[in-house]
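Colleague: sequence-free structure coming up:
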């Protein structure tokens, strides 16, 4: 049974930083691309960032490019989202997700992900 558990959310002032973590279990973590998505109140869930299984290919949405960094540690079965220069519009519940298929490229499409965490709240105060 695959489990994804996010942590690291909280309240931060605008311009600050946070690091989210997502610990995975139940599958060979290093075989799967991982992604981060977010859902703001009253809005649909949107893509944030994705990383391939080796960590050498990354993909970001335009709103977070140059501010957020996705990384992974396959020895710890964990994917991270480092968030800098946070803005009020970054306030959302952040979800990590694991790809359906092995050895896939990082994707911004939600249908390419088969497993999701429960989410962690990030609130940026202005």
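Modeller: Here it is on my side, so go on. Every value quoted in this text rests on a predicted model; they were computed, and no experiment measured them.
Colleague: against residue 126, how distant is the spatially most central residue of the chain?
Modeller: Centroid-nearest residue in the chain: residue 36, 2.3 Å away (criterion: Cα atoms, centre = their mean). Separation of residue 36 from residue 126 (Cβ to Cβ, to the nearest Å) stands at 23 Å. Bear in mind the C-beta positions are built from the backbone N, C-alpha and C, glycine included.
Colleague: try residue 116
Modeller: Applying Cβ to Cβ to residue 116 and residue 126 gives a distance of 29 Å.
Colleague: the two: who's more crowded?
Modeller: Applying other Cβ atoms under 10 Å to residue 116 and residue 126 shows that residue 116 carries more neighbours, namely 17 against 9.
Colleague: distance between the ends of stretch 30-48?
Modeller: With Cα to Cα, to the nearest Å as the measure, stretch 30-48 spans 20 Å from end to end.
Colleague: for stretch 81-95, same thing?
Modeller: Start and end residues of stretch 81-95 are separated by 10 Å (Cα to Cα).
Colleague: next: stretch 117-126.
Modeller: End-to-end distance of stretch 117-126 (Cα to Cα): 28 Å.
Colleague: check what pLDDT the nearest residue to residue 68 once chain neighbours are set aside gets.
Modeller: Nearest residue to residue 68, sequence neighbours excluded (Cβ to Cβ, 6 or more residues apart in numbering): residue 83, at 5.1 Å. According to the prediction, residue 83 has pLDDT 98.
Colleague: just residue 105 next, same as before
Modeller: Listed pLDDT for residue 105 reads 89.
Colleague: ok, now how distant is it from residue 71?
Modeller: For residue 105, the distance to residue 71 - Cβ to Cβ - is 17 Å.
Colleague: between these two, who's got more neighbours?
Modeller: Using other Cβ under 10 Å, the more surrounded residue of residue 105 and residue 71 is residue 71, with 15 against 12.
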